[in-house]
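[1] Quick check, what structure comes out for this input:
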Amino acid sequence: MPEKKRKCIEEQQEDNSMKYPLDEIEALITAAIKNNTGSAVEVSLGKTPPGMEADFGVQLAVAARKTGWGDPVSLASTVADEIRSDLKESPFKSVETTGPYLNVILDMEKFGSKVVNQVAEMGGEYGKENIGKGKVVVIDMSSPNIAKRMTIGHLRSTIIGDALANVYRSMGHEVIRDNHLGDWGTQFGKQMEAIKRWGNEEELFESDDPIGALQKLYVKFHAEAKKEEGKLRQAAKKKAEKDVNDVPGLAEEIEKVSQEIMDKQNIGRKELNMDTILEDALDGIIESDLDIKAREWFLRLEKGDKEARRLWKLCMDLSLKEFDEIYKVLGVDFEETLGESFYEPMLPGVIEEVKESGKAKVSEGALIFDLTDKKLGVAIVQKKDGATVYMTRDLATAFHREKEMKAHKAIYVVGAEQKHYFKQLFEILKRLGHDIGDNSVHVYFGKVNDEQGKSMSTRKGNVILLRDVIKEGLARAEKVIDEKEHGMDKKLKERVIRQIAIGALKWNDLSADPKRNIDFNWDVALSLHGYSAPYVQYAAVRCNSILKEAENKTREIKPKESGSEAPFAMKAEKELVKKLAIYSRALRDALETDNPSKVAVYVYELAKAFNSFYVSTPVLAEKQKDLKDSRLKLVHATQQVITNALGTLGIEVPEAM
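    Below is the predicted model of the structure:
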């Protein structure tokens, strides 16, 4: 290899851009471009143009423009001539051109051996890189509300967040998965009042569904409060018919509502609909005794009252017990579990920083950010009565992650309905001068609809509980195992059932872009066939079966020098080798797009390529020993990469299926 070309490639090696065989190929082409144009333009291997049979194609139109060469057809021809002049030391068998395309035909004996040897050498590390070395990424994920059961909707944030954590970690980042619990707010005052009025703490602890029991108390609170408000409203209306001044605060509220409507609609007092105004005014002054008590409880909680803190901890303990059981089955862990309550002491400091920044203003007594110049409306940071809001707590969270966790990037895995809110949060952080604002991303996901395509809702009562989904998945997987496997060890069977069921459930969330809505269907979610986790898992299990049988027969898996027939020469072998080679590209793509489905699509295609290879190419039955050994090594590499890719998605490979 000429010294000039070698030096160019070594320069690319230094920036970690040539760790894998495909990187080497791209580096060789880049070096050839630089040698002829004087400019180094990175290229990417892709598909060949229609009608051209080659392994990869490279479109040189962009390179021709960036280098000032001009004609991409001429550049392709020139680069091809240089590569042809030094094929011996390269992985190329030949290169051809089609217009602006440089078409690469690989020497599969060299290239294939390099790929499978690298997989064998790197094992579980294959596909990983150091792109994010020294950078900390915090992933805000799962985030269930205390005293409320986790639904199928919570699965999305949990599973997508965990897969993203694995993607970022595989690319060299330090990852902190943060379960940002909803454990603070006025709803806890309501929960405490409900427990005191109608609850039995001993029964709550003994219940097999404590969160369900807490939710029933919460629902009862709202039903009773609404009933009480209805009575108070009717009584107030009767008094108002005689004289509005007989209802404390009503006259003032009517005037306030009237003025707001006149200002907003630019109309006169005569044009007001007083019936509507009366109803709106009653909304502002009617408050049930239950709501008053709930507000008092939350105030006590904020001030550290012992009884309020005890009841709050009761709700926390009962909730976390169930949450932890679900996370254990899902195989999901967290580096941090910090609820909203953790940030309460920091809120005065946030308010002070916002005020001192000069970027916010006071409007009608409230502290706000006017973001209308960015078409983001107005964001409240502190209410006129001094109360904080979600935005205050999320600013405190972002400050903490930036300062204490040393986060270079924050990823919020939250539903699509919060897109506007997170745009506001990130813009406020930028205006306050926090770098984390520029380095925060909202990875949103679509809604979970029922089988008729209707959105699920807690209020409508048509949600599916996550623990019920898991239970159903385990039951279905057990049925399949019982039909196909007999005499399996009990512990192994339990493990395999969990791996298949949870794999299928995770795949339902990760197999396509997170932004899509999901029409939840039991049969689709827990499918064991087609585009599914069990299909991919089975390919890895089949690989293991081949390797185990080969070991039992020969005790020799490692290939020796090739014999008369070259390895990786058959079409199915070539396709499988190329699929193995592009795994790192799938990981990079998932990283760049914050989309784990890129890995799911890849590993499914790899499993399909292996199944084609398995059907068409003899392995254990191959008579030529060197060829048999090379195929065994190819099977081993396939098993390893499927395991790596599924592991990135949080899906395990069973020992048997």
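
[2] switch to C-alpha atoms for all contacts and neighbour counts from now on
    Fine.

[3] Averaged pLDDT, the helix or strand encompassing Lys231. What do you get?
    Using DSSP states H and E, Lys231 maps to helix 210-242. For helix 210-242, mean pLDDT rounds to 93.

[4] Which stretches in the protein count as strands?
    Secondary structure of the chain (DSSP state E): strands at 56-59, 92-98, 101-106, 136-141, 174-179, 361-363, 366-370, 378-382, 409-415, 440-445, 448-449, 518-519.

[5] Can you find the helix or strand of this protein with the lowest average pLDDT?
    helix 3-14 (a mean of 47; mean pLDDT, DSSP states H and E).

[6] Centroid-nearest residue for this structure?
    With distances taken as CA atoms, centre = their mean, the residue of the chain nearest its centroid is Ile160 (2.7 Å).

[7] now the strands of the chain as a markdown table including distance to Lys321, mean neighbour count and mean pLDDT?
    Shown next, in a markdown table, are the strands of the chain (distance: least, CA to CA, whole Å; neighbours: other CA atoms under 10 Å; pLDDT from 0 to 100):
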| stretch | distance to Lys321 | mean neighbour count | mean pLDDT |
| --- | --- | --- | --- |
| strand 56-59 | 52 | 22 | 96 |
| strand 92-98 | 58 | 19 | 95 |
| strand 101-106 | 56 | 23 | 96 |
| strand 136-141 | 18 | 26 | 98 |
| strand 174-179 | 15 | 21 | 98 |
| strand 361-363 | 43 | 14 | 95 |
| strand 366-370 | 38 | 20 | 97 |
| strand 378-382 | 33 | 19 | 96 |
| strand 409-415 | 23 | 22 | 97 |
| strand 440-445 | 27 | 22 | 97 |
| strand 448-449 | 25 | 21 | 74 |
| strand 518-519 | 28 | 20 | 76 |
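
[8] These into CSV, with extra columns for distance to Glu302?
    Converted to CSV, the strands of the chain look like this (distance: least, CA to CA, whole Å):
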stretch, distance to Glu302
strand 56-59, 63
strand 92-98, 70
strand 101-106, 67
strand 136-141, 25
strand 174-179, 22
strand 361-363, 25
strand 366-370, 21
strand 378-382, 16
strand 409-415, 27
strand 440-445, 30
strand 448-449, 35
strand 518-519, 39
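
[9] Can you say which of the ones you listed is nearest to Glu129?
    Nearest of the strands of the chain to Glu129, taken as CA to CA: strand 174-179 at 12.6 Å.

[10] what's in contact with that closest one?
    132-143, 161-162, 165, 168-169, 333-339 (CA atoms under 8 Å, 6 or more residues apart in numbering).

[11] Using PyMOL, make a named selection holding only the buried ones among the residues you listed.
    Of the contacts of strand 174-179, the buried ones can be selected in PyMOL as follows, counting by 16 or more other CA atoms under 10 Å:
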select buried, resi 136+137+138+139+140+141+142+143+161+162+165+168+169+338+339
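
[12] Now, the contacts of strand 174-179 that are in helices?
    Gly161, Asp162, Ala165, Tyr168, Arg169 (DSSP state H).

[13] wait, which of those residues is closest to Gly284?
    Gly161 (40.4 Å).

[14] which residues touch the closest one?
    Ile139, Asp140, Met141, Ser142, Arg177, Val413.

[15] from what I can see the third one touches Leu181, true?
    No: at 9.3 Å, Met141 does not count as touching Leu181 under the criterion of CA atoms under 8 Å.

[16] Which residue is the nearest non-sequential neighbour of Ala163?
    Sequence neighbours aside, Leu649 is the residue nearest to Ala163 in space, at 4.8 Å (criterion: CA to CA, 6 or more residues apart in numbering).

[17] what about Lys114, how many residues close to it?
    Number of residues near Lys114 (other CA atoms under 10 Å) recorded here: 17.

[18] Please report how far it lies from Ile642.
    18 Å (CA to CA, to the nearest Å).

[19] With Ala396 instead?
    41 Å.
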